[in-house]
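A.B. asks: just coords:
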């Protein structure tokens, strides 16, 4: 009879020792890759201001909208400057980056009606970078997040610039968020 009670006790003791060891500090756990990229929530920052400013950054070859809080309304030019400045330290800690450096040299933004016009300067049309689609997508998705901008046109030397869309085709026409939908990560 003692052996019958001893076996469950030994089994319970062995199972109790087969867990994950405790850790003093939390650590980030990354889900295993699957057949489809899992939606990644937008990065959050501590609320600082009264106005939302959406900037589209990049994580794992996808465009990720990030909302920052600012103290005053911002112009499209300021929003473009904030995008060109890249992610904050906290956003970089959330694995967010920018495809813009070296891919697109945007010199300024003006809005005419509901169209933002971006002047691009610098390297030739083909820089050989594979992330140009993401870079242009960051600009289009950022500026069309505004209520006053529906389309974005890119100009070089006063002429329309051929810009890659998510499907790889070039367009000299004004672009919308829909041109980059396959690259936008859902919240």
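C.D. replies: Noted; the coordinates are in hand. On a predicted model such as this, the values are computed, not experimentally measured, just so you know.
A.B. asks: Does residue 57 lie in a helix or a strand, and which?
C.D. replies: strand 51-59 (DSSP states H and E).
A.B. asks: residues making contact with that strand?
C.D. replies: The contact list for strand 51-59 (Cβ atoms under 8 Å, 6 or more residues apart in numbering) reads 40, 43, 63-74, 79, 82-83, 86-87, 91, 94-99, 131, 134, 137-139, 141-142, 145-146, 184-185. Just so you know, the C-beta spots here come from the backbone N, C-alpha and C atoms, and that holds for glycine as well.
A.B. asks: Over to stretch 144-164?
C.D. replies: In contact with stretch 144-164 (Cβ under 8 Å, 6+ apart) are residues 54, 56, 65, 76, 79, 111, 114-121, 125, 132-133, 136, 139-140, 143, 170-177.
A.B. asks: got the residue ranges for the strands in the chain?
C.D. replies: For the chain, strands defined by DSSP state E occupy the ranges 51-59, 62-70, 106-112, 115-120, 151-156, 159-160, 163-164, 170-171.
A.B. asks: Looking at those strands, which one is packed in the most?
C.D. replies: Comparing the strands of the chain by mean neighbour count (mean count of other Cβ atoms under 10 Å), strand 163-164 ranks first with a mean of 22.
A.B. asks: partners of that one, with directions?
C.D. replies: With DSSP bridges as the test, strand 163-164 is paired with strand 170-171 (antiparallel).
A.B. asks: what sits up against the strand it pairs with?
C.D. replies: Taking Cβ under 8 Å, 6+ apart as the rule, strand 170-171 contacts 162, 163, 164, 165, 179.
A.B. asks: which ones are touching the residue lying closest to the last one once chain neighbours are set aside?
C.D. replies: Setting aside the residues directly before and after it, residue 179 is nearest to residue 165 in space (Cβ to Cβ, 6 or more residues apart in numbering), at 4.4 Å. Under the criterion of Cβ under 8 Å, 6+ apart, the contact list for residue 165 reads 133, 171, 175, 179, 180.
A.B. asks: separation between the residue nearest to residue 168 when sequence neighbours are not counted and residue 172?
C.D. replies: Excluding the flanking residues, the one nearest residue 168 by Cβ to Cβ, 6+ apart is residue 133, at 7.2 Å. Counting by Cβ to Cβ, to the nearest Å, the gap from residue 133 to residue 172 is 16 Å.
A.B. asks: In this protein, what residue spans correspond to helices?
C.D. replies: In the chain, the segments counted as helices under DSSP state H are 2-16, 76-85, 89-93, 132-143.
A.B. asks: Just list what the shortest one packs against, helices and strands only.
C.D. replies: In terms of contacts (3 or more Cβ pairs under 8 Å, 6 or more residues apart in numbering; DSSP states H and E), helix 89-93 is not packed against any helix or strand.
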